[in-house]
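# sharing a sequence plus its predicted fold:
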Amino acid sequence: MSPQRTSDGLPVTAYLVLGVLAANDEQLTAGEIKTRAELSVGHFYWSPSVSHVRRELNRLLARGMVSEIGAQSGKRAITLYETTDAGLEALRRVAEHPGDPEELCDHIVDVHHAYVRRELPRLSELLAKCERTHGADRPELIEARATFERLRAELEHHLAEEEQELFPVCRTEKPGEPPDRVLLDLLERLETEHTATGGLLARLSLLTDGYDLDGALCNTHRAALDALAGLERDLHEHIHEENNILFPRALANSAL
Ligand SMILES: [Fe+2]
Ligand SMILES: [Fe+2]
């Protein structure tokens, strides 16, 4: 599932890759981009895998927004990337027009909230089945299920809170009104919940060796690991869009 949020159809994360390259103004490997992204975004919500960075680089390459250069590191052949003029120009355009908050709310609800609501019950069933079948020999499956059920409960509450309390504010621009205490408290609470979600996902990843499919005990376990990895990927993107784009927009709107 790839969010098509920006006006030219590129996911936000492609622009983050581009932004990292532009900010560093040097040729970087995909691994270096990953490290710099973690350092510069400074938030675990965008700690992409190298394969995710490569996926975005391929999108950018196809549009001529980055170029690749073959090089050697010792005896190893490596690929370096740098921004092109077209990439810099696209970055400038996005910075000037960061998107309509109404569209962003629609995107978050239609893509990410729908995904979470679809996957949570399916994962509950898969993990319950894994626990029944293998839990006696593999106690980590019991903890994984309990951790997931906590995550599910927290996420269900969190999505409702956003849709009922925050998004209506984001959709209604109120120029001239300063951000009120209620909005500030709400944003702080939602960000704290994002951090808690991150902690539970990190625990799930630890309990499953990073959702390692090679460690799957049966087809159900494999499906559960695969679904958990997908949920984590989607949540990282989802929470990044909220913390780093929507929430600042909500504050800016009411502060204008
Ligand atoms: Fe959300
Ligand atoms: Fe959220």
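Good, I have the coordinates. Ligands and ions are numbered 1, 2, ... in the order given.
# helix or strand: which one has the residue nearest to the spatial centre of the chain?
Central residue of the chain (C-alpha atoms, centre = their mean): Glu237, 1.7 Å from the mean position. Here Glu237 sits within helix 219-240, counting by DSSP states H and E.
# any low-confidence regions in this protein?
Flagging of the chain using pLDDT under 70 yields the residue ranges 1-12, 39-47, 93-99, 173-180, 252-256.
# could you pull out the strands for it?
With DSSP state E as the criterion, the chain has strands at 66-73, 76-83.
# of all these, which one comes closest to Arg118?
strand 66-73 (33.4 Å; C-beta to C-beta). The way it works is simple: take the backbone N, C-alpha and C, and place the C-beta from them, glycine included.
# that closest one: partners in the sheet, and parallel or antiparallel?
strand 76-83 (antiparallel) (DSSP bridges).
# can you list contacts of the partner strand?
The contact list for strand 76-83 (C-beta atoms under 8 Å, 6 or more residues apart in numbering) reads 18, 21-22, 26-30, 33, 57, 65-72, 91.
# got the angle between the lengthiest helix in the chain and helix 219-240?
Scanning the chain for the helix with the most residues, using DSSP state H, yields helix 181-207. Note on geometry: by axes from the mean of the first three to the mean of the last three C-alpha atoms, to 10 degrees, helix 181-207 and helix 219-240 are set 150 degrees apart in direction.
# neighbours around Glu102, how many?
Per other C-beta atoms under 10 Å, the neighbour tally for Glu102 reads 13.
# identify the bridge partners of Ser73.
Arg76.
# where exactly do the helices run in this protein?
Using DSSP H, helices in the chain cover 12-24, 30-41, 50-62, 85-96, 101-107, 114-134, 139-161, 167-171, 181-207, 219-240, 247-255.
# distance from the chain centre to the helix holding Glu237, please.
Helix 219-240 has its C-alpha centroid displaced from the chain centroid by 11 Å (C-alpha atoms, centre = their mean, to the nearest Å).
# remind me what that helix packs against, helices and strands.
helix 12-24, helix 114-134, helix 181-207 (3 or more C-beta pairs under 8 Å, 6 or more residues apart in numbering; DSSP states H and E).
# ok, now which ones touch the closest residue to Leu123 other than its chain neighbours?
Distance criterion C-beta to C-beta, 6 or more residues apart in numbering; nearest residue to Leu123, sequence neighbours excluded, is Ala227 at 5.2 Å. The contact partners of Ala227, taken as C-beta under 8 Å, 6+ apart, are 119, 122-123, 126.
# follow-up on the earlier one: for the helix holding Glu237, C-alpha coordinates in CSV please.
Taking C-alpha atoms only, helix 219-240 is exported to CSV below (Å, rounded to 0.1, in the frame of the first residue of the first chain):
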residue,chain,number,x,y,z
ASN,A,219,1.4,-21.3,7.5
THR,A,220,-0.7,-19.4,10.1
HIS,A,221,2.4,-18.2,11.9
ARG,A,222,3.9,-17.1,8.6
ALA,A,223,0.8,-15.2,7.7
ALA,A,224,0.8,-13.5,11.2
LEU,A,225,4.5,-12.5,10.9
ASP,A,226,3.9,-11.1,7.4
ALA,A,227,0.8,-9.2,8.6
LEU,A,228,2.7,-7.8,11.6
ALA,A,229,5.5,-6.6,9.4
GLY,A,230,3.0,-4.9,7.0
LEU,A,231,1.2,-3.3,10.0
GLU,A,232,4.5,-1.9,11.3
ARG,A,233,5.4,-0.5,7.9
ASP,A,234,2.1,1.1,7.4
LEU,A,235,2.0,2.6,11.0
HIS,A,236,5.4,4.1,10.5
GLU,A,237,4.3,5.9,7.5
HIS,A,238,0.9,6.8,9.0
ILE,A,239,2.4,8.2,12.2
HIS,A,240,5.1,10.1,10.3
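# this completes my enquiry, with thanks.
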